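Trainee: model the following, please.
(one chain, ligands or ions: 1)
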Amino acid sequence: MNNFGIKKGGKMKHILWNPWHGCHKCSPGCLNCYVYYLDKLRDKDASIINKVKTNFNLPLKKDRQGNYKIPSESELATCFTSDFFLEEADEWRKDIWKIIKQRKDVTFLICTKRIHRFNDCIPDDWEDGYDNVIIAVTCENQEKANERLPILLDIKAKRKYIFASPILEDIDFSEFLSTGKIDLVSVGGESYNNARVCNFEWVKNIKKTCDKYNVKFDFHQTGSNFVINGKHYKIKHHDEYSQAKKGMKYL
Ligand code: SF4
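Mentor: A predicted model of the protein is given here:
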């Protein structure tokens, strides 16, 4: 998995935590959703939302010595085979917030397309946000950026990220980054067979905007259908992350 633009260092580990699985398509970026793609390969229906019982309390699991299996200073990318703010998860989420609160030594990255549900889904003691939670909003095009990012700016959270992923067009984030409320923008292309184009020019433009407003930037994956200098490249999925890192050198 990628490191979501957060510099690795010391003991920081990046781990996926999917307490529930499955999702509903709700946006142009969902068209070739990798959850649907991978579930179909396994003859599963990704539109059915299931609690993942074996993984639900992952951050609290301990080894035989009584130590947490998820070490301190890890980062848990939460709900990356679903959406944290799905209606179906409303009851389950109450327990998840308790787990997040219990593991203050771990950072939880929550990425969503359903930021409009945020204020209905936070715990009573959220106040200005838990210190160990990053809220990231996915915007694949300008329309979705204009729709979702004003909400992201408005909510209370200690750290706020934008994921321009899967990027589908050139997106101007100026009005959102100029507020000083966004900590990082991470860009990625779409994966697998039917992937739509990710054009390196779009990535460069976002990097320039980030530089202008002093916002951290990452290019986390090229996608499988990458265009650079007008030339198309088919990138194998497992190379998407390393190729993006190479691309960062040209930004
Ligand atoms: S919101 Fe994310 S997980 Fe859900 S269908 Fe869309 S792309 Fe897939």
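
Trainee: what residues of stretch 54-70 count as buried?
Mentor: 56, 58, 59, 68, 70 (16 or more other CB atoms under 10 Å). Any C-beta I mention is one placed from the backbone N, CA and C, and that applies to glycine too.

Trainee: ok, residue 93 - contacts?
Mentor: Counting by CB atoms under 8 Å, 6 or more residues apart in numbering, residue 93 makes contact with 84, 85, 121.

Trainee: pLDDT and distance to the ligand added to the buried residues of stretch 54-70, as JSON lines?
Mentor: Formatted as JSON lines, these follow (pLDDT from 0 to 100; distance: CB to the nearest ligand atom, whole Å):
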{"residue": "56", "pLDDT": "98", "distance to the ligand": "18"}
{"residue": "58", "pLDDT": "98", "distance to the ligand": "19"}
{"residue": "59", "pLDDT": "98", "distance to the ligand": "21"}
{"residue": "68", "pLDDT": "97", "distance to the ligand": "27"}
{"residue": "70", "pLDDT": "96", "distance to the ligand": "23"}
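
Trainee: among these, which ones are in helices?
Mentor: Secondary structure from DSSP state H places none of these in helices.

Trainee: so of the residues you listed, which two are at opposite extremes in space?
Mentor: Farthest apart among the buried residues of stretch 54-70 by CB to CB are 56 and 68. That separation is 15.3 Å.

Trainee: quick one, domains of the protein?
Mentor: If you go by automatic domain parsing, the domain ranges for the chain are 10-123, 139-251.

Trainee: related to what we said a few turns ago, most neighbours, which of the contacts of residue 93?
Mentor: residue 84 (24 neighbours; other CB atoms under 10 Å).

Trainee: next, count neighbours for the residue lying closest to that one once chain neighbours are set aside.
Mentor: Spatial nearest neighbour of residue 84, excluding adjacent residues (CB to CB, 6 or more residues apart in numbering): residue 110 at 4.8 Å. Neighbour count of residue 110, defined by other CB under 10 Å: 22.

Trainee: verify the contact between residue 110 and residue 79 for me.
Mentor: Yes: Residue 110 is within contact range of residue 79, at 6.7 Å (criterion: CB atoms under 8 Å).

Trainee: is residue 211 located within a helix, as I assumed?
Mentor: Yes: Residue 211: assigned to a helix according to DSSP: H, G, I helix; E, B strand; the rest coil.

Trainee: which residues touch it?
Mentor: With contacts defined as CB under 8 Å, 6+ apart, residue 211 is in contact with residue 217.

Trainee: can you tell me how far it is from residue 40?
Mentor: Applying CB to CB, to the nearest Å, the value for residue 211 to residue 40 is 40 Å.

Trainee: tell me the phi and psi of the residue nearest to the spatial centre of the chain?
Mentor: The chain has residue 111 as the residue nearest its centroid, 4.1 Å off, counting by CA atoms, centre = their mean. Backbone torsions of residue 111, given as degrees, to the nearest 10, read phi -110, psi 130.

Trainee: okay, now the closest residue to it other than its chain neighbours: neighbour count?
Mentor: Excluding the flanking residues, the one nearest residue 111 by CB to CB, 6+ apart is residue 136, at 4.1 Å. Using other CB under 10 Å, residue 136 has 26 neighbouring residues.
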